[in-house]
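A.B. asks: A structural model of the following input is requested.
(2 chains)
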Amino acid sequence: MVCESWKAKLDTYLDGELPEQEMRTFDAHVRGCPSCSADALVRVQMKRAIQCAGRRFVPTTDSRRRIERSITPKPQRSFRLGWMVATAAAVILVVGATTSTYIGTRSGRDKALRDHVYSEIADLHVATLASSSPVDVISTDRHTVKPWFQGKIPFAFNLPELQNSEFSLLGGRMTYLDQTPGAHLIYDVRKHHISVFVFQERSLSLSLKLPASLDENSLSPKQLPFNMETWSQGGLRYFVIGDTSAADIDSLAKLFKAAS
Amino acid sequence: MPSGSFEQLAMPHFERLYNFACWLTHDRQEAEDLVQETYVKALKGFSSFQPGTNFRAWIYKILRNAFLTSRTGLKATATVQLDLVGKEETLPAVKETPESILLQRSDGQLVQQALEQLPVAYREVLLLCEVEEMSYQEISATLAIPMGTVMSRLSRARKALRNGLRPQSQKG
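C.D. replies: Here you go, the predicted structure:
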């Protein structure tokens, strides 16, 4: 009875996750309390049972080899001529390089990365809409959709009030962009669906090394049949994409900007 | 750039990743594909890995994210989230000790079955804690959830496992 408060922390104690001082106090208590020590013993045995049961599947040697092959770098061309050509090319590049070509290369790389991000976002948008259940939380109420993301993504964001606008919220789901978790919201405007993606700018920048110029060209590249807008606000990166007009995309983006 | 080659850092985790993938997918072939996808993605994104941070949590996170976006993962999580709602209140208290019944029988298969029956969100957090022996902080980084959520989810997972180990007649 008196041990209820100890027992509530027993698992955390056995996981070794209590602060050092508390661990020592707990040690002393468990040693002197038959009820808690019996409970601790059962839980330790349970932990061991899970550990044994959990280490169950062993890969084949073949599968290990396959993985190793897939991550081993391709052998480099090591013959002398190759070196000579490479060295000559490097010298020419160093001598011939100017500030303008450097900037040109960098902007080319940034453009390629920006296009890559746009393509990924467009893929997520299309794949979701093609799914038989595009949203995991189905609601037109932002006060239902927003709390659904609690505990699922490591950040919070605001959803705009849609009264007096043409947009309606259909729901949301979790999504990932380059291993970064985020929120995916789907809106409807005149039977067109628009996706809004929200990610943590910091995590996204780290994984994708996003260029600073991502905001400069807010509309999508010409090869994508979608209009898209992206911006960063309050540490979050937003993407709005859909096959509706650029004006619609911009209107929904403005509502989000005002709500954030 | 991270110190050490990708292979040196990543291959020691291979067996454990495969085991974890099997528990997530319930299918060896799918698990193998998932691990392969994980390694390819990790190699591709290796330049974004920050030296000094936890490589194990990083590669497990990649595997888990790859699983979540797979067909099996999407199916599993779609049902899990509903299962989790309000589950805590319906689980019996810990006063009975099905563990002792289990341990007397020394039947590891029962634990395996009970683990298999858990929703994926409970199964993964238990495996990361007990089998992979990750700290709460590592689990938090792997699952991209706050530490408080790690603790509450672990607690619920343990209760759900105890409930799963109870003989049918005692389930409530």
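A.B. asks: chain center to the one helix or strand B:Ala66 maps to: distance?
C.D. replies: Using DSSP states H and E, B:Ala66 sits within helix B:55-68. Remark: helix B:55-68 is offset 11 Å from the chain centroid, using Cα atoms, centre = their mean, to the nearest Å.
A.B. asks: For it, which helices and strands make contact with it?
C.D. replies: strand A:168-177, helix B:6-10, helix B:14-25, helix B:28-44, helix B:71-84, helix B:136-143 (3 or more Cβ pairs under 8 Å, 6 or more residues apart in numbering or on different chains; DSSP states H and E). C-beta here means a position set from N, CA and C on the backbone, and glycine is covered the same way.
A.B. asks: go with 7 Å
C.D. replies: If contacts are counted by 3 or more Cβ pairs under 7 Å, 6 or more residues apart in numbering or on different chains; DSSP states H and E, helix B:55-68 sits against helix B:14-25, helix B:28-44, helix B:136-143.
A.B. asks: where are the low-confidence patches of chain A?
C.D. replies: A:1-2, A:73-111, A:206-224 (pLDDT under 70).
A.B. asks: Dihedrals phi and psi, the residue nearest the centre of it?
C.D. replies: Against the mean C-alpha coordinate of chain A, by Cα atoms, centre = their mean, the closest residue is A:Thr180 at 1.4 Å. Phi and psi for A:Thr180, reported as degrees, to the nearest 10, are phi -110, psi 120.
A.B. asks: ok, for it, nearest residue in space, not its chain neighbours?
C.D. replies: Leaving aside its sequence neighbours, A:Thr180 sits nearest to A:Ser203 (Cβ to Cβ, 6 or more residues apart in numbering or on different chains; 4.5 Å).
A.B. asks: possible to save the helices and strands packed on helix B:55-68 as a markdown table with mean pLDDT?
C.D. replies: Output for the helices and strands packed on helix B:55-68, formatted as a markdown table (pLDDT from 0 to 100):
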| stretch | mean pLDDT |
| --- | --- |
| helix B:14-25 | 95 |
| helix B:28-44 | 92 |
| helix B:136-143 | 94 |
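A.B. asks: could you dump those to JSON lines with distance to chain A and mean neighbour count?
C.D. replies: Listed next are the helices and strands packed on helix B:55-68 as JSON lines, based on distance: least, Cβ to the nearest Cβ, whole Å; neighbours: other Cβ atoms under 10 Å in any protein chain shown:
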{"stretch": "helix B:14-25", "distance to chain A": "4", "mean neighbour count": "22"}
{"stretch": "helix B:28-44", "distance to chain A": "5", "mean neighbour count": "19"}
{"stretch": "helix B:136-143", "distance to chain A": "5", "mean neighbour count": "20"}
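A.B. asks: so how many other residues sit close to B:Ser5?
C.D. replies: The local packing of B:Ser5 (other Cβ atoms under 10 Å in any protein chain shown) involves 13 other residues.
A.B. asks: Sorry, wrong one. I was asking about B:Phe49.
C.D. replies: Neighbours around B:Phe49, by other Cβ under 10 Å: 20.
A.B. asks: what's the spacing between it and A:Cys52?
C.D. replies: 32 Å (Cβ to Cβ, to the nearest Å).
A.B. asks: Of all the helices and strands packed on helix B:55-68, which one comes closest to A:Gln163?
C.D. replies: A:Gln163 sits nearest to helix B:136-143 of all the helices and strands packed on helix B:55-68, at 36.6 Å, using Cβ to Cβ.
A.B. asks: counting contacts, what elements does the closest one pack onto?
C.D. replies: helix B:55-68, helix B:147-165.
A.B. asks: among the ones you listed, which is the most enclosed?
C.D. replies: helix B:55-68 (a mean of 22; mean count of other Cβ atoms under 10 Å in any protein chain shown).
A.B. asks: For A:Gly172, give me its contacts.
C.D. replies: For A:Gly172, the contact set (Cβ atoms under 7 Å, 6 or more residues apart in numbering or on different chains) comprises A:135, A:137, A:145, A:148-149, A:183-186.
A.B. asks: ok, now B:Asn65?
C.D. replies: A:176, A:179.
A.B. asks: Ok, A:Ala183 next?
C.D. replies: Contacts here follow Cβ under 7 Å, 6+ apart; on that basis A:Ala183 touches A:149, A:153, A:157, A:172, A:198.
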